[in-house]
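Visitor: Structure for the following, please:
(chains A and B)
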Amino acid sequence: MKLLSLTCERFRNLGAVTLDASAGTTVAVGENGQGKTNLLEALYFLATLKPLRASKLVELVQWGQTQARVSARFVLGGAERELSVVVGDGTRTALVDGKKASSFEGYFGGVSVVAFTPDDLQVVKGGPDGRRAFLDRAVFNRAPAYLQESRDYARALKSRNRLLKSQAPAAHLAPWDDTLARLGARVWARRRALLLEVGPRTSEAFERISRSGLEAHVWSAPSGLDLLEFRAKSEDELQQHLLRALDERRGRDLERGFTSSGPHTDDLTLELDGRPAKAFASQGQARALVLAWKVAEIENLQAASGVLPLLLLDDVSSELDPERNAFLMGYLKASGAQVVLTTTDERLVRDAAGTQARWYRVRGGTAEPYSSP
Amino acid sequence: MTPDALNRLVAQLAKLPGIGEKTAQRLAFHLLRAPPELARGLAQSLTEVVDRVRLCSRCFSLTEGEAGAPCGFCTDTRRDDRVLCVVEGIADELALERTREFRGRYHVLHGALSPLEGIGPDQLRIRELLVRLQGQAFEEVIVATNPDVEGEATALYLTRLLKPMGLKVTRLAQGLPMGGDLEYADQATLARALSARRDL
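Guide: Numbers count the residues shown, from 1 in each chain, chains lettered A, B, ... in the order given. Below you'll find the predicted structure:
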């Protein structure tokens, strides 16, 4: 998979911008608020149909306009394809070579991206919903079918909550408990499969980055199960587990009007030497941990599909200390991955860029190419 | 000034699903220019459909018979009285019928459970289904609701009701479409088909 070029029209503050991507690193340099991140977000949105930052679809359209369009040319499996997405009226339309894509899976075939933003660096110290979203993004990158599965789960959850709020009788709730348990078990199984792959790689990458001798451990388990029990359970057993939990807490759920058990309440636990990183990790260790996770995710995608994902880095260098930034830049260069990154300070990323890099200066919603600094 | 009668026709046509103002206008002009038999025939069909077509009192499919009389599917003596197929809508029933494989009886629910749209068991023809199952000696109920979140929940609701009645309850299998290419199957379907694979 190779990105050839990106075109944005009326996307956030980008009026009409075209970027020719380098086979190696493409760098967007600019002050804050000029549109660097919007370029990355356009690419991320195109590849996942989800906004990178929590926002409504209308916010993706330039102020005062009704429709935004992002398109990019990729080489996928040896053939050149154009993927586009049009946003307007709160809906998005995905197109492949100008034709409306019949299914998400057809659209996503072959494109994979891993994004790394300053928000990710807050994941360790932030709230559980941020960590769940962080985990789910990785699951989705690995298994595109998870998009539909997690949507189905969310829909069943919303349905059950609606019944809880209207104090529906047990007989009406029962089929939704069953449905939620089946879909929830699938979400658990998907997250577990990803963590089994990415967890050990994260520990290993953390050691390479921090050289501290501390052992990093990332895991997640449903409440009421320890990690060993969780690993040993089949998807059917997980379904039974969730069904029991829903059953036991139905009284409380009815009182509160929402469902209090299931994958939507889980946390992603990050530990250093068995202690929760949320409480005990230093700021630097927390960042190294996130960096290790991202490296693990990239390596895992490559191992699983044989294709390196496209890497999108949003001004991460300025958030890392010089040593960790040097590691990241060295890693990017050695990985051979195609990278699009933004920075406020071109000196921070020069080591990763290499000679075939393309440089763009982003100013007031436009991007102008310039020669290597 | 266009005549009021024409304006009224355009406005009414535009209320139909999938038809906007422009298409409505085009249809109206077409009706106006065509021989008057077309418009009169259409008007007559419209009236007949609302006056004559009603729901079957037994399976809630469509019928043209007297009020209270069962439909063609229910009165056909060649059909199997031991198997009942439960579907969400009439379009689903027609799709199954086109296979010419199923020779049992039907029951149309007219929807699926959907709390988000305010549809519970009382809004569907479920009570009627239970009455029917008590009165007739069915052996098997095939639940043929859609394989989406709402359809699955409806199937589970029915299973919980019907199993205790001593009935065999089955669900349509899910998997790959016939005559299709594996490579064109969507991933959810393919994953389902893989997990429900069978011995050869």
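
Visitor: residues from chain B in reach of chain A?
Guide: Applying Cβ under 8 Å from any Cβ of the partner chain, one finds that chain B approaches chain A through B:113-116, B:120-121, B:148-150, B:152-154, B:156-157, B:160, B:186-188, B:191. Yep, even glycine has a C-beta here, placed from its N, CA and C like the rest.

Visitor: which among those end up buried?
Guide: Burial by neighbour count, judged by 16 or more other Cβ atoms under 10 Å in any protein chain shown, picks out B:113-115, B:120-121, B:149-150, B:152-154, B:156-157, B:186-188, B:191 from these.

Visitor: Which stretches in the chain count as helices?
Guide: Picking chain A for this. For chain A, applying DSSP state H gives helices covering A:36-48, A:104-108, A:118-121, A:128-142, A:146-165, A:170-210, A:227-232, A:235-248, A:250-256, A:277-280, A:283-305, A:322-335, A:350-353.

Visitor: You answered for a different chain; I wanted chain B.
Guide: B:4-13, B:21-33, B:36-52, B:72-75, B:90-98, B:126-135, B:149-162, B:187-195.

Visitor: Columns mean pLDDT on top of those helices, output as CSV?
Guide: As requested, the helices of chain B are exported to CSV (pLDDT from 0 to 100):
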stretch, mean pLDDT
helix B:4-13, 93
helix B:21-33, 94
helix B:36-52, 93
helix B:72-75, 90
helix B:90-98, 93
helix B:126-135, 93
helix B:149-162, 94
helix B:187-195, 76
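
Visitor: so which of those helices is the most packed in?
Guide: Neighbour counts (mean count of other Cβ atoms under 10 Å in any protein chain shown) averaged over each of those peak at helix B:149-162, with a mean of 22.

Visitor: Might you report the residue contacts of residue 19?
Guide: I'll assume chain A. A:S5, A:L6, A:T7, A:T26, A:A28, A:L39, A:Y360, A:A367 (Cβ atoms under 8 Å, 6 or more residues apart in numbering or on different chains).

Visitor: please go with chain B instead
Guide: If you count contacts by Cβ under 8 Å, 6+ apart, then B:I19 has B:L13, B:L27 around it.

Visitor: And the pLDDT for it?
Guide: We have a pLDDT of 91 for B:I19.

Visitor: With A:S103 instead?
Guide: So A:S103 comes in at 66 (pLDDT).

Visitor: repeat for the one 3 residues further on
Guide: We note a pLDDT of 62 for A:G106 in this prediction.

Visitor: Check A:A54 too.
Guide: Confidence score, pLDDT, at A:A54: 63.

Visitor: Likewise for A:L164?
Guide: pLDDT at A:L164 comes out at 96.

Visitor: Return the backbone torsion pair for residue 66.
Guide: Using chain A. phi -110, psi -20 (degrees, to the nearest 10).

Visitor: To clarify, I was referring to chain B.
Guide: Torsion angles, degrees, to the nearest 10, at B:E66: phi -60, psi 150.

Visitor: so what's it up against?
Guide: So B:E66 contacts nothing (Cβ under 8 Å, 6+ apart).

Visitor: still on that earlier bit, between the helices of chain B, which one is closest to A:R192.
Guide: Set against A:R192 and scored by Cβ to Cβ, the helices of chain B come closest in helix B:187-195, at 15.6 Å.

Visitor: Now the closest one - C-alpha only, PDB.
Guide: Extracted C-alpha coordinates of helix B:187-195, given in PDB (Å, rounded to 0.1, in the frame of the first residue of the first chain):
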ATOM      1  CA  GLN B 187     -16.200  -9.700   6.200                       C
ATOM      2  CA  ALA B 188     -19.000 -10.100   8.800                       C
ATOM      3  CA  THR B 189     -20.700 -12.700   6.600                       C
ATOM      4  CA  LEU B 190     -17.400 -14.500   5.900                       C
ATOM      5  CA  ALA B 191     -16.500 -14.600   9.600                       C
ATOM      6  CA  ARG B 192     -20.000 -16.000  10.400                       C
ATOM      7  CA  ALA B 193     -19.700 -18.600   7.700                       C
ATOM      8  CA  LEU B 194     -16.300 -19.600   8.900                       C
ATOM      9  CA  SER B 195     -17.300 -20.000  12.500                       C
END
